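Chemist: everything below, folded, please.
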Amino acid sequence: MSGVLILSARVGAGHIRAAQAIQKAFAESGATESVQCVDALDYANPLFRRLYTKAYIDMVNTMPALYGFYYDEREKRAKHELLRPAFSRLNTRPLIKLLEEHQPDITVCTHFMPAEIISWLVREKKLATRQAIVVTDFDIHVQWLCPSPAHYFVAIDEARAHLESLGVPPTAITVSGIPIDPVFSQPKESGAMRDKHGLRRDAIVILISAGGFGIGQVDEVLASLLQLRHPAEIVAVCGQNEELKARVDRLAGDVPAASRVTLKAVGYTTAMDEYMAASDFAVGKPGGLTMSEALAYGKVFVVVNPIPGQEERNSDHLLEEGAAIRCNNLPILAYKIDRLLNDLQRLISMRENARRLARPNAAHDVVAKLQLLEAVPG
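Modeler: Residues are numbered from 1 along each chain as shown. Below is the predicted model:
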């Protein structure tokens, strides 16, 4: 292929990870020099960039109910919004200049902000491109909808039906799943992964992305998990947060030697696929990418306090399909997991449901469809 520009925005890690997954799938298909991946916020003025990222993080961490209200209200009026898209364009002039100069044959957006800018440029006849929009949640919010023609990649059939109800032609929708790193499509034996990373074979392994929680919540989540009645090893991935890793390391050191439960802190790692393959459960906030990674290896997802809005809707889909449990009160987190472990038939069924929903090849499926789009004249 030639002239593919993948655009994202670092508002939460999932949008960036989806873009990187698509870029990697392009590279594995043999297309490298013609494919570029950019963060749209790198081409925005510093004040807008800070406002766009900080406002989101602050709201979901300190006022989740307000964020949920804002999310729902935007859905009601998104089709009639004029000021917000205009404000985005005003503050992303370097991005507009990049697009006008580059004139990519295909643009792929994993966040709605660059998607609406591209849509405006197409309508103004300042850009001729085939636009693709990759929705990074299981549910469809109408903020993803663009007035100019675009091809939509969605997670599930229900999302396709929703887009069709909003007037999107069926031929402009592909149910691909959410693009995750293609490495998650490679089979891995759980025992071998446990041996590689020094994890116990005589216990269940619970993987938690500790960096996804607020400071207080991490303590509550781990304190509850340490009360598990079944032998367990908790793997807390702290990412680049060294202070958090140090705190988890200290907590791990305080666990009595006779405890059924052990705790292991992991810093930044490029082996999330291996830790996921080694685990029995994934505990965390229900972002679209995180949930898709868990499904790729047939793991039951334990939803913890989803924020209203996209996280709550994501969790609803997995709960409805019987691939997740939800804990809204952290002190009973261990109780809920112990209860599931005591119901072997239910646990087996949930793992089968997770495997049924999995789309580990989503990134490659998106690339294959984009290659077909480029081959179509016009």
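Chemist: how close does Lys369 get to Gln186?
Modeler: Lys369 is 21 Å from Gln186, where distance means C-beta to C-beta, to the nearest Å. Where C-beta positions appear, they are placed from N, C-alpha and C, glycine not excepted.
Chemist: wait, a helix at Gly30?
Modeler: No. Checked against DSSP: H, G, I helix; E, B strand; the rest coil, Gly30 lies outside a helix; its state is coil.
Chemist: check it and give its pLDDT.
Modeler: Reading off the per-residue confidence, Gly30 sits at a pLDDT of 85.
Chemist: and what of Lys264?
Modeler: According to the model, Lys264 carries a pLDDT of 96.
Chemist: OK, contacts around Cys109?
Modeler: 6-8, 115, 118, 131-134 (C-beta atoms under 8 Å, 6 or more residues apart in numbering).
Chemist: how about Gly3?
Modeler: With contacts taken as C-beta under 8 Å, 6+ apart, Gly3 has the following neighbours: 34, 102-106.
Chemist: just give the nearest non-adjacent residue to it, would you?
Modeler: Across the structure, with C-beta to C-beta, 6 or more residues apart in numbering as the measure, the residue nearest Gly3 apart from its sequence neighbours is Asp105 (3.7 Å).
Chemist: pretty sure that neighbour sits against Thr129.
Modeler: Yes. Taking C-beta atoms under 8 Å as the definition, Asp105 is a contact partner of Thr129 at 6.5 Å.
Chemist: who's more crowded, the two?
Modeler: Higher neighbour count among Asp105 and Thr129: Thr129, with 20 against 17, using other C-beta atoms under 10 Å.
Chemist: hang on, isn't that one packed against Ile118?
Modeler: Yes. Taking contact to mean C-beta under 8 Å, the distance of 6.8 Å between Thr129 and Ile118 places them in contact.
Chemist: what sits in contact with each of these two?
Modeler: Here Thr129 and Ile118 have Thr107 as joint contacts, going by C-beta under 8 Å, 6+ apart.
Chemist: what is the three-state secondary structure of Leu7?
Modeler: Look at Leu7: counting by three-state DSSP, its state is strand.
Chemist: and for it, the neighbour number?
Modeler: The tally of other residues near Leu7 (other C-beta under 10 Å) stands at 26.
Chemist: show me the contacts for it.
Modeler: 19, 37-40, 107-111, 114-115, 118.
Chemist: ok, 6 Å please
Modeler: By C-beta atoms under 6 Å, 6 or more residues apart in numbering, Leu7 lies in contact with 38, 40, 109, 114.
Chemist: for it, give me the pLDDT.
Modeler: According to the model's per-residue confidence, Leu7 sits at a pLDDT of 96.
Chemist: the chain should start at 18 in everything you say after this.
Modeler: Okay, using 18 as the starting number, the last item reads as Leu24.
Chemist: what are the bridge partners for it, then?
Modeler: Val55, Cys126 (DSSP bridges).
Chemist: how far away is it from Ala44?
Modeler: When C-beta to C-beta is applied, the distance between Leu24 and Ala44 equals 17 Å.
Chemist: got it, and Arg211?
Modeler: When C-beta to C-beta is the yardstick, Arg211 and Ala44 sit 30 Å from each other.
Chemist: between those two, which has more neighbouring residues?
Modeler: Taking neighbours as other C-beta under 10 Å, Arg211 and Ala44 compare with Arg211 leading, 21 against 13.
Chemist: using the three-state scheme, assign the more buried one.
Modeler: Three-state call for Arg211 (three-state DSSP): helix.
Chemist: contact partners for it?
Modeler: For Arg211, the set of contacting residues under the criterion of C-beta under 6 Å, 6+ apart consists of 218, 295.
Chemist: pLDDT at it, what is it?
Modeler: On pLDDT, Arg211 comes in at 98.
Chemist: again, but for the one 3 residues further on
Modeler: With respect to pLDDT, His214 scores 97.
Chemist: and the residue nearest to Gly20, how far is that from Ile134?
Modeler: Taking C-beta to C-beta as the measure, Asp122 falls 17 Å from Ile134.
Chemist: could you do Val317 as well?
Modeler: Between Val317 and Ile134 the distance is 39 Å, computed by C-beta to C-beta.
Chemist: what does Val152 give?
Modeler: In this structure, Val152 and Ile134 are separated by 17 Å, where distance is defined by C-beta to C-beta.
Chemist: excluding its backbone neighbours, what's nearest Ala26?
Modeler: Leaving out its chain neighbours, Ala26 is closest to His128 (C-beta to C-beta, 6+ apart), at 4.0 Å.
Chemist: give me every residue that touches that neighbour.
Modeler: Counting by C-beta under 6 Å, 6+ apart, His128 touches 25-26, 32.
Chemist: which one among those residues gets closest to Asp297?
Modeler: When those are compared for distance to Asp297 (C-beta to C-beta), His32 wins out at 28.5 Å.
Chemist: how near is that closest one to Thr124?
Modeler: Here the criterion is C-beta to C-beta. By it, His32 lies 15 Å from Thr124.
Chemist: please apply the same query to Ile135.
Modeler: Distance from Ile135 to Thr124, by C-beta to C-beta: 5 Å.
Chemist: next helix or strand past whatever helix or strand Asp236 lives in?
Modeler: Secondary structure from DSSP states H and E places Asp236 in helix 232-242. With elements assigned by DSSP H and E, the helix or strand that comes after helix 232-242 is strand 249-254.
Chemist: tell me which residues in stretch 30-47 are buried?
Modeler: When neighbours are counted by 16 or more other C-beta atoms under 10 Å, the buried residues of stretch 30-47 are found to be 31-43, 46.
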